[in-house]
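Student: Coordinates only, no sequence provided:
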């Protein structure tokens with residue numbers, strides 16, 4: 001029967017609180033947050049304090065630890081030992097820790113005396129296994145430490161050397177020396193552990209340690225927190241912390257690694273995560289590996305997760321492939337356009353010189369629009385920029401452009417560039433730009449904000465009188481074909497006596513950049 005059972009049964013009528021207070025060894029009981037919960041009389045005597053002054057106070061602010069540079073270090077040692085006892089739920093020992101203890105002289109003056117202590121911290125658990133208190137038991141080893149220091153100070157003499165050897169031999173086999181060795185080892189291991197923890201937390205790739213078959217977060221670094229939008233992960237399972245990963249098959253992969261012990265690797269794997277609660281899923285691409293963690297017997301007890309966010313690389317590769325595919329398509333279309341221009345120009349110009357001039361001009365029109373698109377990495381061009389490039393050979397002051405910025409996609413831009421080139425060429429040959437005082441007014445607007453239909457008006461003024469042509473030349477046919485076939489729009493050509501006019505209407509949803 002345990003002591004607790006004996007007391008409860010009444011077979012042992014002992015007041016444990018009285019026994020605790022009567023112990024000659026100093027004891028203090030602290031909460032997990034290091035507030036003092038209780039102490040015995042021996043502790044009050046050795047610390048020269050009163051119960052009512054320190055009860056409920058934080059342990060390290062209840063006392064003036066005295067002057068000296070070592071005060072922060074001894075506090076750190078005790079705090080680390082208590083925290084270790086709480087974390088591991090096991091007793092932890094401090095072989096030697098130095099504190100300056102207060103002592104009041106007869107004159108009332110307070111002095112500090114340097115004392116050495118050996119401390120043991122024992123966690124007190126409740127029925128659920130949680131730490132509710134930590135019991136500190138200290139032993140004053142000041143005289144032994146002073147004896148060792150005195151012997152070492154005399155070690156330069158033969159007698160001093162013998163004294164050190166004798167003392168080391170006497171203490172070397174003691175529990176104190178073994179505890180001192182353990183403490184030094186613990187300090188070294190603690191330093192190494194802190195270094196490894198810092199490396200773990202600062203690693204550029206995301207890292208997590210999952211424990212058990214339910215894949216509960218045990219450790220994770222800052223990169224993993226950023227990947228998961230700084231969610232609360234500690235102590236939760238992956239399914240609890242990141243529920244959107246369940247239907248994506250990642251939990252099944254973790255289950256497979258835990259059950260089979262075989263690692264799983266992913267390259268450029270799509271991971272969809274919510275950046276806000278109940279928000280839409282956003283695409284992230286990751287390289288990752290799930291590696292089993294085994295115990296001493298070879299049993300899988302957890303999973304080590306490591307990887308990198310490669311979203312930028314994957315999207316860049318996708319854009320590159322899209323650009324290559326689009327370039328191949330455009331090269332084929334451009335060659336077909338050049339072939340068509342050559343054939344139609346040849347039909348309209350029987351003389352080699354005239355053919356060469358017309359053919360070269362139309363190729364230059366294609367080139368101008370290509371230059372614009374190249375500057376934007378073939379993402380598009382603005383309507384006003386296209387108009388200026390295609391009409392810059394006809395004196396800028398004679399072309400009036402009026403309209404809002406309209407971003408156009410590559411295909412739309414190429415077709416509209418060819419159309420502007422043909423209209424400007426015809427104006428220079430037969431219309432308002434063929435005489436000194438002639439001008440061209442180009443207006444454009446978006447007629448319907450819902451359907452987003454672009455309307456472009458080409459108006460020639462101040463030119464010679466215009467009449468209906470007797471035949472439809474290549475330029476006219478190309479304008480009509482480009483508008484109706486490439487832009488899925490309509491074009492109206494009017495040959496009024498006071499000047500030529502063209503009205504082009506086309507849906508923007510087929511060719512805008514956005």
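Tutor: Sure thing, it's come through. Just so we're clear, the structure is a prediction, and the values are computed from it rather than from any experiment.

Student: mind listing the helices for the stretch 351-500 of the chain?
Tutor: 352-375, 383-391, 410-429, 474-481 (DSSP state H, counting those that start in this stretch).

Student: Can you flag the weakest of these by average pLDDT?
Tutor: Among the helices of the stretch 351-500 of the chain, helix 352-375 carries the lowest mean pLDDT, at a mean of 66.

Student: how many neighbours does the residue lying closest to residue 508 once chain neighbours are set aside have?
Tutor: Nearest in space to residue 508, with sequence neighbours left out and distances taken as Cβ to Cβ, 6 or more residues apart in numbering, is residue 452 at 4.2 Å. Placement of C-beta: from N, CA and C, glycine included. By other Cβ atoms under 10 Å, 14 other residues sit near residue 452.

Student: Next up, the contacts around residue 452.
Tutor: 446, 507, 508, 509, 512 (Cβ atoms under 8 Å, 6 or more residues apart in numbering).

Student: Please apply the same query to residue 437.
Tutor: Neighbours of residue 437 in contact, by Cβ under 8 Å, 6+ apart: residue 462.

Student: cool, and residue 270?
Tutor: Contacts of residue 270 (Cβ under 8 Å, 6+ apart): 248, 283, 284, 285.

Student: with these in mind, which one is nearest to residue 418?
Tutor: Comparing the contacts of residue 270 against residue 418 with Cβ to Cβ places residue 283 closest, at 37.6 Å.

Student: and the longest strand seen in the chain, what other elements does it pack with?
Tutor: Secondary structure assigned by DSSP state E gives strand 110-125 as the longest strand of the chain. Secondary-structure packing of strand 110-125 (3 or more Cβ pairs under 8 Å, 6 or more residues apart in numbering; DSSP states H and E): helix 71-88, strand 92-104, strand 131-140, helix 142-153.

Student: Show me what counts as buried in it.
Tutor: 115, 116, 117, 118, 119, 120, 121, 122, 123 (16 or more other Cβ atoms under 10 Å).

Student: any idea how far the last one is from residue 252?
Tutor: Looking back up the chat, that one is residue 123. Computed as Cβ to Cβ, to the nearest Å, the residue 123 to residue 252 distance reads 39 Å.

Student: Show me what residue 293 is bridged to.
Tutor: Taking DSSP bridges, one finds residue 302 as the beta-bridge partners of residue 293.

Student: And this structure, what are its domain boundaries?
Tutor: 3-198, 203-309, 322-510 (automatic domain parsing).

Student: what's the average pLDDT for the first one?
Tutor: The average pLDDT within domain 3-198 is 73.

Student: Please name the residues that touch residue 509.
Tutor: Contacts of residue 509 (Cβ under 8 Å, 6+ apart): 451, 452.

Student: Which helix or strand contains residue 304?
Tutor: Residue 304 belongs to strand 300-309 when elements are defined using DSSP states H and E.

Student: for that strand, the distance to its chain's centre please.
Tutor: Chain-centre distance of strand 300-309: 17 Å, with Cα atoms, centre = their mean, to the nearest Å.

Student: Could you pull out the buried residues of that strand?
Tutor: Neighbour-count burial for strand 300-309 [16+ other Cβ under 10 Å]: 300, 302, 303, 304, 305, 306, 307, 309.

Student: that older thread, any chance of the domains of the chain in JSON lines with distance to residue 316 as columns?
Tutor: Below are the domains of the chain laid out as JSON lines (distance: least, Cβ to Cβ, whole Å):
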{"stretch": "domain 3-198", "distance to residue 316": "32"}
{"stretch": "domain 203-309", "distance to residue 316": "11"}
{"stretch": "domain 322-510", "distance to residue 316": "10"}
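
Student: which one of these lies closest to residue 315?
Tutor: That would be, of the domains of the chain and by Cβ to Cβ, domain 203-309, which comes in at 7.6 Å.

Student: count of neighbours near residue 287?
Tutor: 17.

Student: Next: residue 386.
Tutor: Neighbours of residue 386 (other Cβ under 10 Å): 24.

Student: my read: it touches residue 420, true?
Tutor: Yes - Residue 386 is within contact range of residue 420, at 6.5 Å (criterion: Cβ atoms under 8 Å).

Student: How is the most centrally placed residue in the chain assigned, secondary-structure-wise?
Tutor: Centroid-nearest residue in the chain: residue 226, 3.5 Å away (criterion: Cα atoms, centre = their mean). Following DSSP: H, G, I helix; E, B strand; the rest coil, residue 226 is assigned to helix.

Student: measure it to residue 275 for me?
Tutor: 11 Å.

Student: again with residue 20
Tutor: 55 Å.

Student: Compare the two and say which is more crowded by neighbours.
Tutor: residue 20 (16 against 11).

Student: A helix includes the more buried one, no?
Tutor: Yes - counting by three-state DSSP, residue 20 is found in a helix.

Student: Not counting sequence-adjacent ones, nearest residue to it?
Tutor: residue 40 (5.4 Å).

Student: Ok, residue 497 next?
Tutor: In space, residue 497 is closest to residue 465, 5.3 Å off (Cβ to Cβ, 6+ apart).

Student: Please name the residues that touch residue 254.
Tutor: Residue 254 neighbours (Cβ under 8 Å, 6+ apart): 210, 215, 238, 290, 303.

Student: Keep only those of those that are in helices.
Tutor: Judged by DSSP state H, helices contain the following of the contacts of residue 254: residue 238.

Student: List just the nearest of the contacts of residue 254 to residue 405.
Tutor: Among the contacts of residue 254, residue 238 lies closest to residue 405 (Cβ to Cβ), at 47.9 Å.

Student: Can you give me the pLDDT of the residue nearest to the closest one when sequence neighbours are not counted?
Tutor: Leaving out its chain neighbours, the residue that sits closest to residue 238 by Cβ to Cβ, 6+ apart is residue 215, at 4.6 Å. We have a pLDDT of 94 for residue 215.

Student: just residue 291 next, same as before
Tutor: 94.
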